[in-house]
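Q: Below: sequence and its predicted model.
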Amino acid sequence: MAISRPYPTQPGAAPGPAGPADGPAPRHAHWWQRPRVRRGALAALLALSGLVILGLVREQTGTEGFLVGLGLAVLPVPLLVAAFRWLDRVAPGPWRNLVFSFAWGAGAAALMAIVANSFATRWIATETADPSRADTLGATVIAPVVEESAKAAAVLLVFLFRRRDFTTILDGVVLAGITATGFAFTENILYLGTDQLTGGSGVSSVTAATFFVRVVMAPFAHPLFTALTGIGFGAAALATGRRRPVRFLLPLGGLLLAMGLHALWNVSSTLGEYGFFAVYAAFMVPSFGLLTWLVVWTRQRGLRTVREELPSYVRAGWLTPAQPYALGSMRARRVARRYARGHGGRAASRAVAQYGAYATALAFLRRRGRRGGVGTDFAAREHELLRELWRRRDTARPALEHAARVTAPPVPPWPVYGPYGSPWAYEGYGPYGRYGPYGRYGAVDPAHFAHPGYPASGPNPYAYPYRP
């Protein structure tokens, strides 16, 4: 897609044509159609479900057991949330989506699970007249289906109603993981607060085994299960140009895998001590390692997308030549935020972080556009992101250029010669590397450094590696 010269007609004017979001809200909209009313109703519903589930848990554990369980269950929450926020640093999503996901998992999903599980267990016990068998079936069959479906509902809602914020596999993993963290938080209060020893109360009511398994050994269990559902939704978001059944089957397949792994984890508790540790070592640890590798690889792929797609906007004048490299490196982003904070305070640091988020969203949008994965609103969304970058350019550009200079790899003391080298071609992301301003993917006109024997247009013939 051709991009016109981006400079605005005046400093305060927004470059490019106005998108649909620029116009005023329709005046004929009813009061229940207003965004504030909808957000308020959703917040009230989540708060009510949270109060109800906490009341049910307190009824089963007692006041003292509830407080003990609450104090112990909150321990893994900050670590899990921080881990998912770290994964989301490349293209951080809005906080409102994360708050909604956690609240849904801790309140609505937990309430649906405890009601459905109790009803199903009682029905099985009544029909079979075997309470022990009902408990086993409830834990190994009913609970995985009900709980994973309830948690997946949060990911589905964000996917449907916040589609603009759901564009990659990482988005699905983060939203699913935060939802499962909230669900596990409420469930841990119930398990850790229930009297399990000699009918005592307080700290003595919590067995060391329960705390060790749920908080120390496997705090990642629920996030791991639901992350499979998130991967399915993320794959559906990336499935451009495919038929609708395929995009529907991807989330369903992720949900079925989540239910299967959850059921296997619950079955392990009925296999005795050795069976539990065998399942933990043979399935849970490898699954966690595989998922960790996948999300880290996806994170690095996202940074590579930023480095590859943003040079197009450098050539159009939106970005400076150093910015694609700086925005494609998390270390450079941290240096840029520290520089902005030292020169302009927290507001400047926040502006640089927002600049990086909008630039990353722009790179992902352009990649989907090249692959045919965007609709008719591509131009409006592109100009909306470019306007956000333009508003923060005065603060972000000096910080990012400083970060690019600080984090650029050192230039070798002598030039590299050979069939794939030249005095100006160095591997890496320095000014003469393949992604530097004078490299193959750089923004500077190759005519400035074109050899007389080569044409002055097209890729820089001196870039490494040489590809005419």
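A: The structure has been received and is ready for your questions.

Q: which residues of the stretch 201-350 of the chain fall in strands?
A: Here the stretch 201-350 of the chain has no strands by DSSP state E, counting those that start in this stretch.

Q: Under the pLDDT cut-off, which ranges of it? List them.
A: In the predicted model of the stretch 201-350 of the chain, residues 201-207, 240-243 satisfy pLDDT under 70.

Q: where along it do the helices fall?
A: 208-211, 221-238, 244-268, 272-279, 285-309, 311-316, 323-327, 330-370 (DSSP state H, counting those that start in this stretch).

Q: got those as CSV, with distance to Gly105 and mean neighbour count columns?
A: Just so you know, the C-beta spots here come from the backbone N, C-alpha and C atoms, and that holds for glycine as well. Shown next, in CSV, are the helices of the stretch 201-350 of the chain (distance: least, CB to CB, whole Å; neighbours: other CB atoms under 10 Å):
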stretch, distance to Gly105, mean neighbour count
helix 208-211, 20, 13
helix 221-238, 8, 26
helix 244-268, 14, 18
helix 272-279, 24, 13
helix 285-309, 18, 16
helix 311-316, 38, 19
helix 323-327, 32, 30
helix 330-370, 24, 20
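
Q: out of these, nearest to Phe161?
A: Proximity to Phe161 (CB to CB) singles out helix 221-238 among the helices of the stretch 201-350 of the chain, at 13.1 Å.

Q: Now do the closest one: distance to the chain's middle.
A: 11 Å (CA atoms, centre = their mean, to the nearest Å).

Q: now do stretch 74-90
A: Here the centre of stretch 74-90 is set off from its chain's centre by 11 Å, with CA atoms, centre = their mean.

Q: Now it: buried residues?
A: Within stretch 74-90, the residues that count as buried by 16 or more other CB atoms under 10 Å are 76-77, 80-81, 83-84, 87-90.

Q: State the distance from the residue nearest to Gly328 when sequence neighbours are not counted to Leu261.
A: Spatially, and ignoring its direct neighbours in sequence, Gly328 is nearest to Arg307 (3.5 Å; CB to CB, 6 or more residues apart in numbering). Noted for Arg307: a distance of 35 Å to Leu261, by CB to CB, to the nearest Å.

Q: got any ranges where the stretch 1-150 of the chain has weak pLDDT?
A: Applying pLDDT under 70 to the stretch 1-150 of the chain flags residues 1-33, 129.

Q: rerun that using 90 as the cut-off
A: Applying pLDDT under 90 to the stretch 1-150 of the chain flags the ranges 1-43, 57-72, 86-95, 117-141.

Q: Test my guess that Phe84 contacts Gly177.
A: Yes: at 4.6 Å, Phe84 and Gly177 qualify as touching, with contact defined as CB atoms under 8 Å.

Q: related to what we said a few turns ago, looking at the buried residues of stretch 74-90, which one is closest to Val173?
A: Checking the buried residues of stretch 74-90 against Val173 by CB to CB gives Leu87 as the nearest, at 6.8 Å.

Q: mind listing what the closest one touches?
A: Contacts for Leu87 (CB atoms under 8 Å, 6 or more residues apart in numbering) come out as 170, 173-174, 295-296, 299.

Q: want to throw those residues into TSV with distance to Leu249?
A: Conversion of those to TSV gives the following (distance: CB to CB, whole Å):
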residue	distance to Leu249
Leu170	21
Val173	19
Val174	22
Val295	22
Val296	26
Arg299	26
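
Q: Arg122: how many residues sit nearby?
A: 13 (other CB atoms under 10 Å).

Q: ok, and the closest non-adjacent residue to it?
A: Using CB to CB, 6+ apart, the closest residue to Arg122 is Ala134 (7.6 Å).

Q: Locate the one you found within the secondary structure: which element?
A: In the assignment (DSSP states H and E), Ala134 maps to helix 131-137.

Q: if we can go back for a sec, state the distance from the residue nearest to Arg122 to Asp394.
A: From Ala134 to Asp394 the distance is 66 Å (CB to CB).

Q: Between those two, point out the one with more neighbours.
A: The neighbour comparison of Ala134 against Asp394 (other CB under 10 Å) goes to Ala134, with 20 against 12.

Q: coming back round to it: quick one: closest of the helices of the stretch 201-350 of the chain to Val146.
A: Of the helices of the stretch 201-350 of the chain, nearest to Val146 by CB to CB is helix 244-268, at 9.5 Å.

Q: Need the residues that contact that closest one.
A: Outside helix 244-268, the residues touching it (CB under 8 Å, 6+ apart) are 139-141, 143-145, 147-149, 152, 156, 159, 218, 221, 224-233, 235-236, 239, 275-276, 278-280, 283-284, 287.

Q: Which residue ranges of the stretch 1-150 of the chain form helices?
A: Assignment of helices within the stretch 1-150 of the chain using DSSP H, counting those that start in this stretch yields the ranges 35-73, 76-87, 95-103, 110-128, 131-137, 143-161.

Q: among these, which is the most enclosed?
A: helix 143-161 (a mean of 22; mean count of other CB atoms under 10 Å).

Q: Give me the angle between it and helix 95-103.
A: Helix 143-161 and helix 95-103 are oriented at 160 degrees to each other (axes from the mean of the first three to the mean of the last three CA atoms, to 10 degrees).

Q: Specify the next element, helix or strand, located C-terminal of helix 143-161.
A: Next along from helix 143-161, by DSSP H and E: helix 169-193.

Q: mean confidence score for that following helix?
A: Across helix 169-193, pLDDT averages out at 93.

Q: Excluding sequence neighbours, find me the nearest residue to Leu224.
A: Nearest non-adjacent residue to Leu224, counting by CB to CB, 6+ apart: Phe288, 5.7 Å away.

Q: Quick check: that neighbour vs Ala83, distance?
A: Per CB to CB, Phe288 is found 12 Å from Ala83.

Q: Same check on Val267?
A: On the measure of CB to CB, Val267 and Ala83 end up 27 Å apart.

Q: Same question for Thr136.
A: Counting by CB to CB, the gap from Thr136 to Ala83 is 33 Å.

Q: do the same with Phe100
A: Taking CB to CB, one finds Phe100 at 19 Å from Ala83.

Q: do the same with Leu250
A: Computed as CB to CB, the Leu250 to Ala83 distance reads 25 Å.

Q: Equivalent analysis for Gly232, please.
A: Remark: distance between Gly232 and Ala83 (CB to CB) = 21 Å.

Q: Over to Leu362?
A: In this view, Leu362 and Ala83 are 26 Å apart by CB to CB.
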